[in-house]
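**Student:** here's my sequence, what's the structure:
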Amino acid sequence: MPAVLDVEQSLLLLEIDPPFDQRAVQLARRRLAKRWHPDLAPPGKQVEHERHLQAINRAADQLESLAEGSRGGSVSAYAVRASAAAARKAPYPEWGVGNVTGIYFSGEGDDVQQWARVRFSVGVRTVPAGSLQFVDFSTPDPAAERVERFVTAAQHAMAEGDYALAAQRLVYARDAEPANPTVLRLMTLAFWQAGNFPAAARAVRDWARIEGDRPAAHRFASRIYEDMGSLTLAAEAADRATARAPRDASAWERVGRLRLRMLDREGALSALERSRRLGPTVEGLLDLALARQLRGDVGGEVSACHDATRLDPDSPTAWARYAHALARTDRVAEGIDACERAIHLAPDPEVADLLGRLREREPHVLPQSAAA
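**Tutor:** Now for the predicted structure:
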């Protein structure tokens with residue numbers, strides 16, 4: 001089982017103060033074992049003593065390991081404070097919603113500390129009971145507090161890559177504030193990354209109803225619909241994004257790419273030309289070259305591929321596409337040069353084969369002595 005206490009909490013549980021070494025931890029473990037051993041517990045308290053003794057042993061193991069790896073075998077008070085400060089940067093609410101599995105105490109008299117064992121999605125944690133917020137889900141709490149709590153928990157789950165769990169938590173936040181754009185945006189992302197495309201599509205439609213005058217929701221919708229295999233809906237959403245951000249070159253490039261997949265040559269050509277004027281990319285220029293090729297415009301194809309090589313002279317893909325475009329013209333020597341540049345950047349059997357065929361087409365000039 002992973003460690004559940006930070007250094008400061010472990011010291012509180014073992015009732016020792018820094019600086020400490022392995023010997024101090026061992027003595028504390030023995031002292032507390034005599035107090036909390038289940039065999040010494042009053043009737044009905046055996047389980048509580050057993051759980052507390054397990055927590056003591058885990059804390060002692062953690063502190064002994066830390067002392068063993070410390071310089072001089074001792075852990076200073078400064079090191080303890082630094083460790084506790086780092087732990088507090090990730091507050092307890094980030095662990096999300098959990099179930100309390102036990103409550104117990106450490107210390108005596110005025111120094112009694114109450115602890116809670118809580119099972120979160122990330123594992124079991126031992127935390128000060130006062131840091132917890134108990135929620136009765138049968139009675140809705142104030143919406144703003146509910147949203148903040150579940151959004152924080154969802155962001156923690158997303159940081160750990162558990163998008164399905166994040167989406168579940170965001171549903172609670174959405175129920176509290178159905179028109180909160182932050183919640184709807186995060187829910188869209190969580191469902192999408194979790195692979196639940198129908199739920200992501202529903203979330204992004206709700207988001208677009210709230211922030212439909214901004215392009216972000218429509219950009220997400222386009223990608224989600226594309227992953228669902230609905231190119232028509234994806235293209236319509238991409239069109240809405242360009243309508244709201246007409247100066248965004250990437251939005252026009254996306255429209256062009258989708259139109260290409262739909263075999264809409266004129267629509268693709270128009271969008272990709274717009275993207276080229278606003279802010280060309282290698283990928284966009286190569287898509288433009290394909291649109292021109294499908295239209296039968298070989299000269300336009302060559303021009304777009306050439307622009308791609310000028311934009312990124314180290315792109316083997318751009319040089320390979322430029323070589324293939326030149327092969328459809330009578331510019332054999334330039335095609336050979338493009339092939340050689342592409343192969344130099346990244347060996348490619350297809351380009352090597354094209355290079356051989358272009359060399360066969362290269363005009364053979366007789367030596368001057370032979371011509372005479």
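**Student:** and the strands in this protein?
**Tutor:** Ranges of strands within the chain are 20-21, 74-75, 99-106, 113-120, 123-128, based on DSSP state E.
**Student:** what's the angle from the third one to strand 113-120?
**Tutor:** Strand 99-106 runs at 160 degrees relative to strand 113-120, counting by axes from the mean of the first three to the mean of the last three C-alpha atoms, to 10 degrees.
**Student:** going by mean pLDDT, which of the strands of the chain comes out lowest?
**Tutor:** Per-stretch mean pLDDT for those is lowest at strand 123-128 (a mean of 70).
**Student:** for that one, packing partners?
**Tutor:** In terms of contacts (3 or more C-beta pairs under 8 Å, 6 or more residues apart in numbering; DSSP states H and E), strand 123-128 is packed against helix 7-14, strand 113-120. Every residue, glycine included, has its C-beta placed from N, CA and C.
**Student:** give the buried residues for the first one.
**Tutor:** What that stands for is helix 7-14. 7, 8, 9, 10, 11, 12, 13, 14 (16 or more other C-beta atoms under 10 Å).
**Student:** quick one, helices of the stretch 1-150 of the chain?
**Tutor:** In the stretch 1-150 of the chain, the helices defined using DSSP state H, counting those that start in this stretch lie at 7-14, 22-36, 46-69, 77-88, 143-159.
**Student:** which residues belonging to the third one are considered buried?
**Tutor:** Within helix 46-69, the residues that qualify as buried by neighbour count (16+ other C-beta under 10 Å) are 48-49, 51-53, 55-56, 58-60, 62-64, 66-67.
**Student:** quick one: residues in contact with that helix.
**Tutor:** Helix 46-69 is touched from outside by 1, 3-5, 7, 9-11, 13-14, 20-22, 25-26, 28-29, 32-33, 36-38, 40-41, 73-75, 102, 104, 106, 115, 117, 126, with contacts defined as C-beta atoms under 8 Å, 6 or more residues apart in numbering.
**Student:** if we go to 6 Å?
**Tutor:** With contact meaning C-beta atoms under 6 Å, 6 or more residues apart in numbering, helix 46-69 is reached by 3, 5, 10, 13-14, 21-22, 25, 29, 32, 36, 38, 41, 73, 75, 102, 104, 126.
**Student:** ditto for the second one
**Tutor:** By C-beta under 6 Å, 6+ apart, the list of residues contacting helix 22-36 from outside reads 14, 16, 49, 52, 53, 56, 60, 63, 64, 67.
**Student:** of those residues, which pair is most distant in space?
**Tutor:** Using C-beta to C-beta, these reach their maximum pairwise distance at 49 and 67, which is 26.3 Å.
**Student:** circling back to that earlier point, how about the helices and strands packed on strand 123-128 in CSV, adding distance to residue 291?
**Tutor:** Shown next, in CSV, are those (distance: least, C-beta to C-beta, whole Å):
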stretch, distance to residue 291
helix 7-14, 62
strand 113-120, 52
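**Student:** measure the nearest residue to residue 224 once chain neighbours are set aside to residue 163 for me?
**Tutor:** Leaving aside its chain neighbours, residue 224 sits nearest to residue 200 (4.9 Å; criterion: C-beta to C-beta, 6 or more residues apart in numbering). Separation of residue 200 from residue 163 (C-beta to C-beta, to the nearest Å) stands at 10 Å.
**Student:** more crowded one of those two?
**Tutor:** Between residue 200 and residue 163, counted using other C-beta atoms under 10 Å, the more crowded position is residue 200 (26 against 19).
**Student:** identify the residues contacting that one.
**Tutor:** 188, 191, 192, 224.
**Student:** how about low-confidence regions in the stretch 51-200 of the chain?
**Tutor:** 82-97, 104, 106-112, 120-123, 129-143 (pLDDT under 70).
**Student:** and with 50 instead?
**Tutor:** Residue ranges of the stretch 51-200 of the chain with pLDDT under 50: 90-94.
**Student:** go on, the stretch 251-372 of the chain?
**Tutor:** For the stretch 251-372 of the chain, the stretches with pLDDT under 50 are 371-372.
**Student:** what is the neighbour count of the residue nearest to residue 290 when sequence neighbours are not counted?
**Tutor:** Leaving out its chain neighbours, the residue that sits closest to residue 290 by C-beta to C-beta, 6+ apart is residue 260, at 6.5 Å. Residue 260 has 20 neighbours, counted by other C-beta under 10 Å.
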